[in-house]
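Student: would you be able to build a 3D model of this:
(2 chains)
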Amino acid sequence: MGENSSLTASDVALLAGNKDSMWGDTSFFWIFALLILANGGFGFGGNGFANAIGYENLATSNEVQRGFDNQNSMANQRDILAAVNAASAQGVAATNQVYHDVVGYVGDKYDELARDIAGVAVAQQTAIANQNACAADTRMLIQGVAAETNANIAQSRYDAAMNTAAINANTTAQTQKILDAITGNRIADMQQQINALELQSQLATVVRYPSNTFYAVPSPCFNTGCGCGNI
Amino acid sequence: MQQRFPQSSQKLSTPQTKSNLLSQFLNSSNPKELIQNMVMNNPKMQNVLQLFQNSSLTPKQFFYQYAQRMGIDPDQFIDSLK
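Tutor: Here you go, the predicted structure:
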């Protein structure tokens, strides 16, 4: 049978013979029925006549050919679709595996992060506790220092007051001594003045003569013959 | 271009009717030759035979599939041949 050419009688004979040997004599009947059907049913003759009643919409051979081509195309499409589905299934499986791996990895990282956060929280709480303890200690030290400072200030004030009192007492005593001394001196001076005045008063009634030493005429007091020596 | 059904030794006459065509086939002493004469100058038949040849189906299976693809009930068509 040549390409794009009509079937020869020998082709049909060969075809029918091969099929006949396989399916018996009924093969010719089915081929005959097929040819009748392909030619448009009972409008037999292939003269362009309309199809028989009930088969007006009968497809042409080209349409049937396209149908079979479509069948092959659909088969190919099915094969492609099956391959695509298989590839898609593999892709989906791979994606699921990747998703599973990613989820697992993220989960592990999350757990690890949670543990780290818990550790950090514990460390932070410990640091805060230490800070609080340190602050309490500092407060206590400050309070202790303040109390000691206050005590020292009070002691200093007390000591200063005592010193001041002692100084005042000493000053008073010294002042009193000075006053006493001054007073004593004044009394002594006054006594001397009194004594001087009393002596002066006693001497005021006595006649006083000059001594011979200083006069040209002898003093009556030293003249034994005049009687003046009784004085 | 109109196709003329070939004249054969079986003396097929045109236009063919259901009864005389089927009777000719059933009464034919050489159905192969009858088919050969039917196909000889008929492109439609040649095409469908080529399709059948390229398939791996039996004549009956191919006929049923072909009829179904044309939207025809194959059993009803066979009954109409009787």
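Student: tell me which residues in the helix or strand hosting residue A:28 are buried?
Tutor: Using DSSP states H and E, residue A:28 sits within helix A:26-38. Neighbour-count burial for helix A:26-38 flags A:27-38 (criterion: 16 or more other C-beta atoms under 10 Å in any protein chain shown). Yep, even glycine has a C-beta here, placed from its N, CA and C like the rest.
Student: just the helices in chain B please.
Tutor: B:18-27, B:31-39, B:43-54, B:59-69, B:74-81 (DSSP state H).
Student: just the CA trace of the shortest one, in CSV.
Tutor: Translated: helix B:74-81. Extracted C-alpha coordinates of helix B:74-81, given in CSV (Å, rounded to 0.1, in the frame of the first residue of the first chain):
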residue,chain,number,x,y,z
PRO,B,74,-23.3,-0.1,16.2
ASP,B,75,-25.8,-2.7,17.2
GLN,B,76,-28.6,-0.6,15.8
PHE,B,77,-26.6,-0.2,12.6
ILE,B,78,-26.1,-3.9,12.3
ASP,B,79,-29.8,-4.5,12.8
SER,B,80,-30.5,-2.1,10.1
LEU,B,81,-28.4,-4.1,7.7
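Student: from the chain's centre, how far out does that helix sit?
Tutor: In terms of C-alpha atoms, centre = their mean, to the nearest Å, the centre of helix B:74-81 is set 13 Å apart from its chain centre.
Student: with the second one instead?
Tutor: For helix B:31-39, the distance between its averaged C-alpha position and the chain's averaged C-alpha position is 9 Å (C-alpha atoms, centre = their mean).
Student: and the angle for it with helix A:26-38?
Tutor: Angle of helix B:31-39 versus helix A:26-38, following axes from the mean of the first three to the mean of the last three C-alpha atoms, to 10 degrees, is 20 degrees.
Student: now tabulate the buried residues of helix A:26-38 in TSV and tack on pLDDT and distance to chain B.
Tutor: What follows is the buried residues of helix A:26-38, written out as TSV (pLDDT from 0 to 100; distance: C-beta to the nearest C-beta, whole Å):
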residue	pLDDT	distance to chain B
A:27	83	5
A:28	84	4
A:29	84	8
A:30	88	4
A:31	89	5
A:32	86	5
A:33	88	6
A:34	89	5
A:35	87	5
A:36	86	7
A:37	86	6
A:38	84	4
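Student: on that earlier part again, return the list of helices and strands in contact with the helix holding residue A:28.
Tutor: On a contact count with 3 or more C-beta pairs under 8 Å, 6 or more residues apart in numbering or on different chains; DSSP states H and E, helix A:26-38 meets helix A:9-23, helix B:18-27, helix B:31-39, helix B:43-54, helix B:59-69, helix B:74-81.
Student: most tightly surrounded among those helices?
Tutor: Neighbour counts (mean count of other C-beta atoms under 10 Å in any protein chain shown) averaged over each of those peak at helix B:31-39, with a mean of 22.
Student: do any residues in that one lie close to chain A?
Tutor: Yes - residues of helix B:31-39 contacting chain A under C-beta under 8 Å from any C-beta of the partner chain: B:31-39.
Student: which helices and strands does that helix pack with?
Tutor: helix A:9-23, helix A:26-38, helix B:18-27, helix B:43-54.
Student: and the angle from it to helix B:43-54?
Tutor: On the basis of the same axes, to 10 degrees, helix B:31-39 is oriented at 130 degrees to helix B:43-54.
Student: still on that earlier bit, quick one, which of the helices and strands packed on helix A:26-38 is nearest to residue A:127?
Tutor: helix B:59-69 (84.9 Å; C-beta to C-beta).
Student: does anything pack onto the closest one? Which helices or strands?
Tutor: helix A:9-23, helix A:26-38, helix A:61-203, helix B:43-54, helix B:74-81.
Student: all good on my end, thank you.
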